[in-house]
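**Student:** show me how the following folds:
(one chain, ligands or ions: 1)
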Amino acid sequence: MAEQVPVRIRRLPHGHGLPLPEYATSGAAGMDVVSAEALILRPGMRHAVATGFAVAIPPGYEIQVRPRSGLALKHGITVPNTPGTVDSDYRGEVKVILINHSTDNFPIVRGDRIAQLIVSPVTLARWVEVEELDDTARGEGGFGSTGGYAPLG
Ligand SMILES: O=c1ccn([C@H]2C[C@H](O)[C@@H](COP(=O)(O)OP(=O)(O)OP(=O)(O)O)O2)c(=O)[nH]1
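**Tutor:** Sure, this is the predicted structure:
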C-alpha cells in the first residue's frame, strides 16, 4: 500500500452522520466525497456544494477536487474549476463546485458521492528572471502549431 499522509479533518455541525471521504477501492487515487446538502442542479446551474467538513492539510500538500467520470458521462455533471484547489492554510468548509451541462435537472441527495478528492504534493517555485531564454525546436509554436489532431506524419 502507498504511504498515507495524515490529514486533520473536522466535521462541521451539518456534516455529522455523513461518511468522511473514502477510497472506494484499494487502488483508487481519489477519495469519494459526499454532499452534505440536498438540492436540484438545474440545467446550466452552478453551485458550491457543502461537504460538511474542514481540513488542515499538512504544509507541502494540497487537495484537488476532481469530477467523477460517471457523473460527467451519464449526467453532464462536472467541476467547472477542475481541479479545484484546497490550500494547506484553508480552514473553511471544503466545497465542491458543480455545474450541470445537461438539459435535465440533476437532483442531489444528502450523502450522494458528488466528486473525488486527491491529496497531492505541491512543488513551490521561485522565478529566475533572465533577458533571453534558451532555443528549442518548438520555439514559440503552440496552440496547434504541430498540425491539429490528425496523426503525425
Ligand atoms: O473547489 C474548491 C476550490 C476552493 N475551495 C476553497 C479552498 C481554497 O483554499 C479556497 C480558495 O480557493 P482558490 O484559491 O481556488 O480561490 P480564489 O478564487 O483564488 O479565492 P481566494 O482569493 O480566496 O484564494 O477555497 C474549495 O473548498 N473548493
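**Student:** show the contacting residues for Asp87.
**Tutor:** 57, 62 (Cβ atoms under 8 Å, 6 or more residues apart in numbering). For glycine as for every other residue, the C-beta is placed from the backbone atoms N, C-alpha and C.
**Student:** quick check: Lys74 is in a helix.
**Tutor:** Yes - per DSSP: H, G, I helix; E, B strand; the rest coil, Lys74 lies within a helix segment.
**Student:** quick check: closest non-adjacent residue to Arg8.
**Tutor:** Ala56 (4.3 Å; Cβ to Cβ, 6 or more residues apart in numbering).
**Student:** for that neighbour, grab the count of nearby residues.
**Tutor:** Around Ala56 there are 13 other residues, counting by other Cβ atoms under 10 Å.
**Student:** what's the answer for Gly27, then?
**Tutor:** Around Gly27 there are 8 residues (other Cβ under 10 Å).
**Student:** what distance do you get for the residue nearest to Arg8 to the ligand?
**Tutor:** Noted for Ala56: a distance of 12 Å to the ligand, by Cβ to the nearest ligand atom, to the nearest Å.
**Student:** for Ala48, list each beta-bridge partner.
**Tutor:** When assigned by DSSP bridges, Ala48 has beta-bridge partners Ile97.
**Student:** what sits against it?
**Tutor:** Counting by Cβ under 8 Å, 6+ apart, Ala48 has contacts 95-97.
**Student:** list the contacts for Leu71?
**Tutor:** With Cβ under 8 Å, 6+ apart, Leu71 has these contacts: 77-78, 114.
**Student:** and it, how far from Val49?
**Tutor:** 12 Å (Cβ to Cβ, to the nearest Å).
**Student:** before we move on, the earlier item: got a markdown table for the contacts of Ala48, with pLDDT too?
**Tutor:** Below are the contacts of Ala48 laid out as a markdown table (pLDDT from 0 to 100):
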| residue | pLDDT |
| --- | --- |
| Lys95 | 98 |
| Val96 | 98 |
| Ile97 | 98 |
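**Student:** hmm, back to that, can you pull the contacts of the residue nearest to Arg8?
**Tutor:** Counted by Cβ under 8 Å, 6+ apart, Ala56 has contacts 7-8, 10, 88, 91.
**Student:** try 10 Å this time
**Tutor:** By Cβ atoms under 10 Å, 6 or more residues apart in numbering, the contact list for Ala56 reads 7-10, 88-91.
**Student:** tell me which of the residues you listed fall in strands.
**Tutor:** 8-10 (DSSP state E).
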